[in-house]
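[1] kindly generate the corresponding structure for this input.
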Amino acid sequence: MPGSANSDESYVLDLTDDLLGERASRQHRFDWLLGDPSSSGNRRKLPVDGYYKRHALVVEYHERQHEHPVPHFDKPDRMTVSGVDRGKQRRLYDERRRELIPCHGLRLLVIRAGDLATDSRGRLHRDQQADLVVLSKMLKSFVLLG
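    Numbers count the residues shown, from 1 in each chain. Below you'll find the predicted structure:
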């Protein structure tokens, strides 16, 4: 569950907060990052996992369902406002983030579960020392670390 204090996403953002010396705005929504229109024509703002304003950086943590089909999350038998199942909509919205975030002067860092040590189900081992090393290397290409 995104934003849950015990989620892998929160764990990764907490480590990133420590490395950057800035707390991310969690589940941040920009006025210009919108989902597809609903039947009433309304468009919801899409959240990003973490926004580091001082660093002009958006961090997205991609769990297994961002990379591989997972029926529990994809809900293949239910259509979304986009006219596709949740898995396809997730891919569309991930691509929208990749396209629009840089257009607004921000950098996007996508951290995949597989970038860190995981179990066979894609859950993080949460080895803080090892994970900090990996995240530090990833962040160095985006920002200057102290």
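[2] only C-alpha atoms from now on, for both contacts and neighbour counts.
    Will do.
[3] for residue 14, what are its contacts?
    Contacts for residue 14 (Cα atoms under 8 Å, 6 or more residues apart in numbering) come out as residue 23.
[4] distance from the helix or strand encompassing it to the middle of the chain?
    Element membership for residue 14 (DSSP states H and E) is helix 8-20. Going by Cα atoms, centre = their mean, to the nearest Å, the spacing between the C-alpha centre of helix 8-20 and its chain's C-alpha centre is 12 Å.
[5] next SSE after that helix?
    Helix 8-20 is succeeded, C-terminally, by strand 25-34 (DSSP H and E).
[6] what's the angle between that next one and helix 8-20?
    100 degrees (axes from the mean of the first three to the mean of the last three Cα atoms, to 10 degrees).
[7] what comes up buried for strand 25-34?
    26, 29, 33-34 (16 or more other Cα atoms under 10 Å).
[8] ditto for stretch 126-136
    By 16+ other Cα under 10 Å, the buried positions in stretch 126-136 come out as 131-132, 135-136.
[9] what strand or helix carries the residue of the chain most remote from its centre?
    Distance from the centre of the chain peaks at residue 40, with 27.6 Å (Cα atoms, centre = their mean). Using DSSP H and E, residue 40 falls within no helix or strand.
[10] now it: how far from residue 106?
    Per Cα to Cα, to the nearest Å, residue 40 is found 31 Å from residue 106.
[11] okay, the buried residues of stretch 126-136 in CSV with distance to residue 93 and pLDDT next?
    Converted to CSV, the buried residues of stretch 126-136 look like this (distance: Cα to Cα, whole Å; pLDDT from 0 to 100):
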residue, distance to residue 93, pLDDT
131, 27, 98
132, 28, 98
135, 24, 98
136, 27, 97
